[in-house]
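In: please work out how this folds:
(3 chains)
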Amino acid sequence: MFGICLDHVREMRPHIHCITNYVTANDCANILLACGGSPIMADCPLESAEITALCDGLLLNTGTLNPDKLSAMKLSGMTANTLHHPVVLDPVGAGASGFRTDSVRNLLKEIRVDVIRANLSEIKALFCHETSSHGVDAVSSDVITEKNLPEMAEYLKSIAGIAGTVIAVTGQIDIITDGNQAFCIRNGCSVMQSVTGSGCQLSALTAAFLTANPEQILLSAAAAVCAMGICGQTALAHLLPYEGNASFRNRIIDAVYHLDASALDQQADYIIL
Amino acid sequence: MFGICLDHVREMRPHIHCITNYVTANDCANILLACGGSPIMADCPLESAEITALCDGLLLNTGTLNPDKLSAMKLSGMTANTLHHPVVLDPVGAGASGFRTDSVRNLLKEIRVDVIRANLSEIKALFCHETSSHGVDAVSSDVITEKNLPEMAEYLKSIAGIAGTVIAVTGQIDIITDGNQAFCIRNGCSVMQSVTGSGCQLSALTAAFLTANPEQILLSAAAAVCAMGICGQTALAHLLPYEGNASFRNRIIDAVYHLDASALDQQADYIIL
Amino acid sequence: MFGICLDHVREMRPHIHCITNYVTANDCANILLACGGSPIMADCPLESAEITALCDGLLLNTGTLNPDKLSAMKLSGMTANTLHHPVVLDPVGAGASGFRTDSVRNLLKEIRVDVIRANLSEIKALFCHETSSHGVDAVSSDVITEKNLPEMAEYLKSIAGIAGTVIAVTGQIDIITDGNQAFCIRNGCSVMQSVTGSGCQLSALTAAFLTANPEQILLSAAAAVCAMGICGQTALAHLLPYEGNASFRNRIIDAVYHLDASALDQQADYIIL
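Out: Next up, the predicted model:
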């Protein structure tokens, strides 16, 4: 089910316009290439709409945000909406500053977003008017556990319903929901939190999956999250005893490069609530 | 013949001022260090000319371009011209937007460039008023093959003649020409296309080779392209079965670090047309 | 002695606000995660003070400086001072341009900095009105050797006294001094100079150590420098024959990930002058 979404990425080779932060842009580009997509990074308002029109899908990531980048996001988002290109938003740091939170909220008013890929703190900051975000990481109280899973799934379904978009919240357990169904994914491993931008990379991957499967937004977003988790597990299995988070970062992308549909389907560990 | 160009780089340890994109800046810096050069990244118009004057060579890469970066490029380019420092231009994304194409064309009017290192789509967008560029990758019709090699070599010779500069077009086969001679290089491997910024890295390498061999522009540009291709092959030979494009990226730079003149000369695979 | 500083980092998990360059931001983020810290990169003046207030410590790195980034540094620096958050300054490129040198000098006038982590050329450019800096690397005459060590230690003590801050100068031998005591550290290896941003990474590490040990500025800065050196040696020991500076870069961060207090204490190689 997930595997065919990956096959579509490799067949289509979607061009993804990424307006993203400078911290993890290189990793986002390499993970897009690894999955079979093609990245184009451009964040200048003077060209962003034109670049969007040339591509097949759009990724908006609000890390290292500034007013120019924000203008580019608006122009590109509107272009993508007009052209019916899938749009993924990664609201990095929402809740960490008024500028970041307000900017993301305004983006959501002006642009139709297909998937918001975030951590729980960012989702709460955007939709629950809480400011529990401690920078870019989910605060400890914002953790999805086996115990609170049913409750969290319902909670995120209600937010997805209000937002009118698919929400993909990643953490110990990942929940991807369109308001009706919730995929709860148990793939992944804790070392992934020690890699800067593993969330950014997942958002890029999600953009590629969505763009190659535009009729299956929820399914392809879940497939991307699951693929990332499986690749984290594969990377961990290949990690030498003396290797740490830097090598792990490379091995995740390497694993995406080698992932195929059958491995994705066989190793997927999820329930639907 | 190529080997001595590399020796000169390691002897001179040229300081290369790079005005480049934030996606691949780290890799460009590390490949410059790997070949024996020394990178200095600075893209603010308030200091760019001064930094250029302090260095030995200049790299202009138009990825993630914006008006400030463009101003810095102009100031630095003019300074480099005045001081007779070699200048390499990588017109990333030319043809992908009006802003990008116009900016590069204006740069070429205002600055004397020694080598343009690009893919075929970008060259066409700049010199043939075609807009076939699909983002930053060469479109499929813009491929140099064994079959069209003689025709392509003549075509690029004519463009180099018009442009009055050496043109280094990389692809399945690489062509480096000053309008009279064309080095056609068969080193390299297809996995290199799965590494973001392998072209950017090559342009940085080219800047180091040129700067250490200022009297041999064509030869040193061909040597740099050939070195990159050989290092791609070396990297592939060292790649473990489960390693993909992220590890490959590191292994290319590692291979540059270990490359010596004799290996470069022995493994060079090219003809001159 | 140094080991307990590392333990404190892993216990506290300090959030470090980094205003830094785009060339090495990813490596700085990953080394912070490796040591047990948590990086937040944000360089827009519209939010920088707010982000600083949310974090525990501040890193200012002047690579790829521009006026916006500089404004953000001032606002964040003043906030950090008000909140008594430790501040580390890495004056990348001081001496390389008037803009860079003046900007850093102004920062030092407006902000109380706890540690300046730099190379000798940058320190001289800032405090001795010399302009010997050749870009971002220390010029060859600016080398601390066994022979000139006592003289250099006294020299840097006097500068630290004038500056009223701890100075951590790294090179073949590292000297960290508060004006009274000077830790002279012999850990590290020469390959580290072939990794772009190894200095930037150390500055990020220093910010984490300082923030988790706010009562022990000199000691924790020396511990960070020593930790980086030891990790360079560990990385070298794990380097395969065909691996070069790119793999070495990853292995340093990997080594930080695995470093523990006892290894840090046992492998520390230093004298106090």
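In: for residue A:21, give its distance to residue A:225.
Out: 20 Å (CB to CB, to the nearest Å). Just so you know, the C-beta spots here come from the backbone N, C-alpha and C atoms, and that holds for glycine as well.
In: let me know whether stretch A:16-32 sits next to chain B.
Out: Yes. Stretch A:16-32 is in contact with chain B by CB under 8 Å from any CB of the partner chain, via A:22, A:25, A:26, A:29, A:30.
In: now that we have the residues you listed, which one has the most neighbours?
Out: The residue in the residues of stretch A:16-32 next to chain B with the most neighbours, by other CB atoms under 10 Å in any protein chain shown, is residue A:25 (32 neighbours).
In: just to revisit the earlier point, which of the residues of stretch A:16-32 next to chain B come close to chain C?
Out: A:22, A:26.
In: and of the residues of stretch A:16-32 next to chain B, the nearest to residue A:37?
Out: Nearest to residue A:37 among the residues of stretch A:16-32 next to chain B: residue A:29, at 9.5 Å, using CB to CB.
In: before we move on, which element is the closest one in?
Out: helix A:25-35 (DSSP states H and E).
In: that helix: how far from the chain's middle?
Out: In terms of CA atoms, centre = their mean, to the nearest Å, the centre of helix A:25-35 is found 13 Å from the chain centre.
In: what's the answer for stretch A:27-46, then?
Out: 13 Å.
In: please apply the same query to stretch A:75-93.
Out: Remark: stretch A:75-93 is offset 13 Å from the chain centroid, using CA atoms, centre = their mean.
In: give me the buried positions along it.
Out: A:75-77, A:79-81, A:85-93 (16 or more other CB atoms under 10 Å in any protein chain shown).
In: can I get the residues of stretch A:16-32 next to chain B in CSV with pLDDT?
Out: Shown next, in CSV, are those (pLDDT from 0 to 100):
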residue, pLDDT
A:22, 97
A:25, 98
A:26, 98
A:29, 98
A:30, 98
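In: what is the nearest of the residues of stretch A:16-32 next to chain B to chain C?
Out: The shortest approach to chain C among the residues of stretch A:16-32 next to chain B belongs to residue A:22, at 4.0 Å (CB to the nearest CB).
In: returning to what we had before: quick one: list the elements packing against the helix holding residue A:29.
Out: Applying 3 or more CB pairs under 8 Å, 6 or more residues apart in numbering or on different chains; DSSP states H and E, one finds that helix A:25-35 contacts helix A:2-12, strand A:15-19, strand A:38-41, helix A:198-212, helix A:245-258, helix B:245-258.
In: which residues does the residue in the stretch 151-273 of chain A that chain B sits nearest to contact?
Out: Residue nearest to chain B within the stretch 151-273 of chain A: residue A:257 (2.7 Å; CB to the nearest CB). Neighbour list for residue A:257: A:34, A:35, B:194, B:244, B:245, B:246 [criterion: CB atoms under 8 Å, 6 or more residues apart in numbering or on different chains].
In: so the helix holding residue A:29 versus helix A:2-12, what angle?
Out: Angle of helix A:25-35 versus helix A:2-12, following axes from the mean of the first three to the mean of the last three CA atoms, to 10 degrees, is 100 degrees.
In: quick revisit: which among the buried residues of stretch A:75-93 are in contact with chain B?
Out: Counting by CB under 8 Å from any CB, no member of the buried residues of stretch A:75-93 reaches chain B.
In: of those residues, which belong to strands?
Out: Using DSSP state E, the members of those that fall in strands are A:87, A:88, A:89, A:90.
In: any idea how many residues pack against the residue nearest to the second one when sequence neighbours are not counted?
Out: With sequence-adjacent residues excluded and distances taken as CB to CB, 6 or more residues apart in numbering or on different chains, residue A:88 is closest to residue A:207, at 4.2 Å. If you count neighbours by other CB under 10 Å, residue A:207 ends up with 36.
In: give me the pLDDT for residue A:207.
Out: On the pLDDT scale, residue A:207 is placed at 98.
In: with residue A:5 instead?
Out: pLDDT at residue A:5 comes out at 98.
In: so what's it closest to, chain neighbours aside?
Out: residue A:223 (3.9 Å).
In: OK, contacts around the residue lying closest to residue A:33 once chain neighbours are set aside?
Out: Nearest in space to residue A:33, with sequence neighbours left out and distances taken as CB to CB, 6+ apart, is residue B:194 at 4.8 Å. By CB under 8 Å, 6+ apart, residue B:194 lies in contact with A:33, A:34, A:257, B:244, B:245, B:248.
In: using JSON lines, please lay out the residues you listed together with pLDDT and distance to residue A:46.
Out: Shown next, in JSON lines, are the contacts of residue B:194 (pLDDT from 0 to 100; distance: CB to CB, whole Å):
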{"residue": "A:33", "pLDDT": "98", "distance to residue A:46": "26"}
{"residue": "A:34", "pLDDT": "98", "distance to residue A:46": "30"}
{"residue": "A:257", "pLDDT": "98", "distance to residue A:46": "34"}
{"residue": "B:244", "pLDDT": "98", "distance to residue A:46": "35"}
{"residue": "B:245", "pLDDT": "98", "distance to residue A:46": "31"}
{"residue": "B:248", "pLDDT": "98", "distance to residue A:46": "34"}
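In: just these now: which is nearest chain C?
Out: Closest to chain C out of the contacts of residue B:194 is residue B:248 (10.5 Å), distances taken as CB to the nearest CB.
In: how many other residues sit next to the closest one?
Out: Using other CB under 10 Å, residue B:248 has 25 neighbouring residues.
In: what segments of chain A are helices?
Out: Assigned by DSSP state H, the helices in chain A fall at A:2-12, A:25-35, A:48-54, A:67-83, A:98-110, A:120-127, A:149-163, A:198-212, A:217-238, A:245-258, A:261-267.
In: what's the most buried one of those?
Out: A comparison of the helices of chain A by mean neighbour count, using mean count of other CB atoms under 10 Å in any protein chain shown, puts helix A:198-212 on top with a mean of 30.
In: okay, the angle between that one and helix A:245-258?
Out: Going by the same axes, to 10 degrees, helix A:198-212 makes 10 degrees with helix A:245-258.
In: which strands or helices does helix A:198-212 pack on?
Out: Packed against helix A:198-212, as judged by 3+ CB pairs under 8 Å, 6+ apart, are the following elements: helix A:2-12, strand A:15-19, helix A:25-35, strand A:57-61, strand A:87-90, strand A:115-118, helix A:217-238, helix A:245-258.
In: one more pass at 6 Å, please.
Out: Under the contact criterion of 3 or more CB pairs under 6 Å, 6 or more residues apart in numbering or on different chains; DSSP states H and E, helix A:198-212 touches helix A:2-12, helix A:25-35, strand A:57-61, strand A:87-90, strand A:115-118, helix A:217-238.
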